[in-house]
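A.B. asks: this is a predicted model, with the sequence first.
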There are 2 protein chains.
Amino acid sequence: MPSRVEETSVQKLGPFEEEIIGIFVQIAQMLSLPRSLGEIYGMLFLSKESLTLDDLVQRLQISKGSASQGLRQLKTIGAVRTHYKTGDRREHFTAEMELRKIAAGFLKEHVEPHIQNTQLRLDALSVELNNSPTMPAFEFLRDRMDRLEGWHRHGRDILPLMSTFLKP
Amino acid sequence: MPSRVEETSVQKLGPFEEEIIGIFVQIAQMLSLPRSLGEIYGMLFLSKESLTLDDLVQRLQISKGSASQGLRQLKTIGAVRTHYKTGDRREHFTAEMELRKIAAGFLKEHVEPHIQNTQLRLDALSVELNNSPTMPAFEFLRDRMDRLEGWHRHGRDILPLMSTFLKP
DNA sequence: CACACTGTTCACATTATATTGAATTTTCCC
DNA sequence: GGGAAAATTCAATATAATGTGAACAGTGTG
């Protein structure tokens, strides 16, 4: 019988695949994300079938650790989906193809936490400042705080709108 | 003539100043910019009067190199303005207070170049791909390229809108 | 034109971030 | 439960970004 190993055949990347993945790496850099995220997402984006962690390790020549951590981040962003195949213990991954979802996940994971943290700091500071109405530059500081709070509020409010501007 | 040195009195930062600058440092981190940019902008934001490079070096305890490079970046983003005072050879800096301008400058400097680069790569790839209509996975790759080009076009088009959403 | 003052540059040091791979944990198949 | 496959963790390492400061260049002043 003909040996059937097509599944594990080490698929080398063609020049087009290489280049498209390169574009995703660049997008990752634009977002200040590790290049491995771009590579992994790009590889999945280019794969008709779902891939396992080990597929990614082999094709991208990255370590298991990188693949594992990269996939986790992509999962929490919502940029990859996981699937289970009967009779296969391994997790299978595919690229999320709705840009809007990815954008929303990115904002939620990488922007929202900063916004919230800033909120806390601003609130605490504002209280403290109002408790020191006699300090030298009170008026001036109060003005700057107000301005900063305005910026923050405004940024916070338009944040959720961001991803809705992307077409369905 | 009386020697006039009051200007160089080493103003220490109060706790409020410290904390507000800390908030700007955090914002810088959110945008993946060097912390020194946050510090410098924050210091200027907190200063009623314009400051010189040397003022910033002294108050923030950073090197002249950092201050010089940081100010340059902030200038190209449009986050600081420069002023000249008669009888003073030094450049004086103040913080730009229009958030919209800063946002527009940031996008222009830190996002647009990536977008343009991606554009070039996509265009070149698309041509190459169309010259190889007989390659194995042509249909599939063509589909993915189309999708990617769609994303890119869309992202590129909403980019300029971003900063307009900030209030005047 | 010599000097002092201002700001820039850039090789190097420092710090932060990402990646690796071996050890560990989890899972589930027998 | 024993054991092997799959995935995760994390200390060590490699890589990249940021900061430093001494040397340099430019500019106005006496």
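C.D. replies: Looks like it arrived, so ask away. Numbering: from 1, shown residues only, chains lettered A, B, ... in the order given.

A.B. asks: what parts of chain A come near DNA strand D?
C.D. replies: Where chain A comes near DNA strand D, counting by CB under 7 Å from any atom of the strand, the residues are A:52-54, A:64-65, A:68-69, A:71-72, A:88-91. Yep, even glycine has a C-beta here, placed from its N, CA and C like the rest.

A.B. asks: from the residues you listed, keep the buried residues only.
C.D. replies: Buried by 16 or more other CB atoms under 10 Å in any protein chain shown: A:T52, A:L53, A:L71, out of the residues of chain A next to DNA strand D.

A.B. asks: the last one contacts A:V80, correct?
C.D. replies: Which is A:L71. Yes - counting by CB atoms under 8 Å, A:L71 touches A:V80, with 6.5 Å between them.

A.B. asks: give me the subset of the buried ones among the residues of chain A next to DNA strand D lying in helices.
C.D. replies: Under the assignment DSSP state H, those contribute A:L53, A:L71 to helices.

A.B. asks: ok, longest helix in chain A?
C.D. replies: Taking DSSP H as the criterion, chain A has its longest helix at helix A:138-162.

A.B. asks: which outside residues touch that one?
C.D. replies: Helix A:138-162 is contacted by residues A:103, A:107, A:111-112, A:115, A:118-119, A:122, A:125-126, A:129, A:132, A:135, B:16, B:20, B:23, B:45-46, B:48, B:97, B:99, B:165-167 when judged by CB atoms under 8 Å, 6 or more residues apart in numbering or on different chains.

A.B. asks: and that helix, which residues are buried?
C.D. replies: For helix A:138-162, the buried set under the neighbour-count rule, 16+ other CB under 10 Å, comprises A:L141, A:R144, A:M145, A:L148, A:E149, A:W151, A:H152, A:G155, A:M162.

A.B. asks: and the third one, how close does it get to A:A124?
C.D. replies: A:M145 sits 11 Å away from A:A124, taking CB to CB, to the nearest Å as the criterion.

A.B. asks: what do you get for the fourth one?
C.D. replies: Note on A:L148: its distance to A:A124, by CB to CB, is 13 Å.

A.B. asks: and what of A:L99?
C.D. replies: Counting by CB to CB, the gap from A:L99 to A:A124 is 37 Å.

A.B. asks: which one of the two is surrounded by more residues?
C.D. replies: Using other CB atoms under 10 Å in any protein chain shown, the more surrounded residue of A:L99 and A:A124 is A:L99, with 19 against 11.

A.B. asks: need the per-residue pLDDT for that one.
C.D. replies: As predicted, A:L99 sits at a pLDDT of 97.

A.B. asks: one more: A:F165?
C.D. replies: Per-residue pLDDT puts A:F165 at 89.

A.B. asks: can you tell me the closest non-neighbouring residue to it?
C.D. replies: Once flanking residues are discounted, A:F165 sits nearest to B:I158: 5.3 Å by CB to CB, 6 or more residues apart in numbering or on different chains.

A.B. asks: now chain A against DNA strand C: closest residue?
C.D. replies: Residue nearest to DNA strand C within chain A: A:G65 (2.2 Å; CB to the nearest atom of the strand).

A.B. asks: what's the helix or strand for that residue?
C.D. replies: Using DSSP states H and E, A:G65 sits in helix A:64-77.

A.B. asks: which residues touch that helix?
C.D. replies: With contact meaning CB under 8 Å, 6+ apart, helix A:64-77 is reached by A:33-34, A:36-37, A:39-41, A:53-54, A:56-57, A:60, A:62, A:80, A:82, A:93, A:102, A:105-106, A:108-110.

A.B. asks: contact residues of chain A facing chain B?
C.D. replies: Residues of chain A lying near chain B by CB under 8 Å from any CB of the partner chain: A:14, A:16, A:19-20, A:22-23, A:26-27, A:29-30, A:32, A:45-46, A:48, A:97, A:99, A:111, A:114, A:117-118, A:121-122, A:125, A:128-129, A:135, A:140-141, A:144-145, A:147-148, A:151, A:154-155, A:158, A:161, A:165-167.
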